[in-house]
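Asker: Here is my input; please provide its structure:
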Amino acid sequence: MRFSCEDFARNILPSFRSLIAKGLIEDHGLTQAAAAGKLGTTQAAVSYYLSSKRGEKYVKKLENDPLVKSKIREIVNGLNSGTLTTVDVTDKLCGLCESVRNLNLINNTR
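Answerer: Purely as a prediction, here's the structure:
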């Protein structure tokens, strides 16, 4: 069975957001609060991403995939520079989700 958009929002999106938060903080030196502002979330949520309390279910499977790595880096750089809008990020995440589903990187075993 393949992930639907609802499954994506519940299961995969937190993993993507975790990778983005880590990129903003580790690669660009942003504070948790600044990363949260760029992500449109709270500092507490970013703290959870960094401490593996949120989004870690699929991070290990996704973070080493070259396509995912490239797209996350593109999003991180765009958010950091301010060249990506919220709509742009949403579009990129939808496209990344579609790629993850088409490449069967994550198996849905519901």
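
Asker: Tell me the buried residues in the strand or helix carrying residue 87?
Answerer: Per DSSP states H and E: residue 87 is located in helix 86-102. By neighbour count with 16 or more other CB atoms under 10 Å, helix 86-102 contains the buried residues 89, 92, 93, 96, 97, 100, 101. All C-beta spots, glycine's among them, are computed from the backbone N, C-alpha and C.

Asker: hey, where'd the helices end up in this protein?
Answerer: With helices called from DSSP state H, the chain shows them at 5-7, 13-28, 32-39, 43-50, 59-63, 66-81, 86-102.

Asker: Pick out the shakiest of these, pLDDT-wise.
Answerer: Ranked by mean pLDDT, these end with helix 5-7 at the bottom, a mean of 81.

Asker: what's the angle between the helix holding residue 87 and helix 32-39?
Answerer: Following axes from the mean of the first three to the mean of the last three CA atoms, to 10 degrees, one obtains 80 degrees for the angle between helix 86-102 and helix 32-39.
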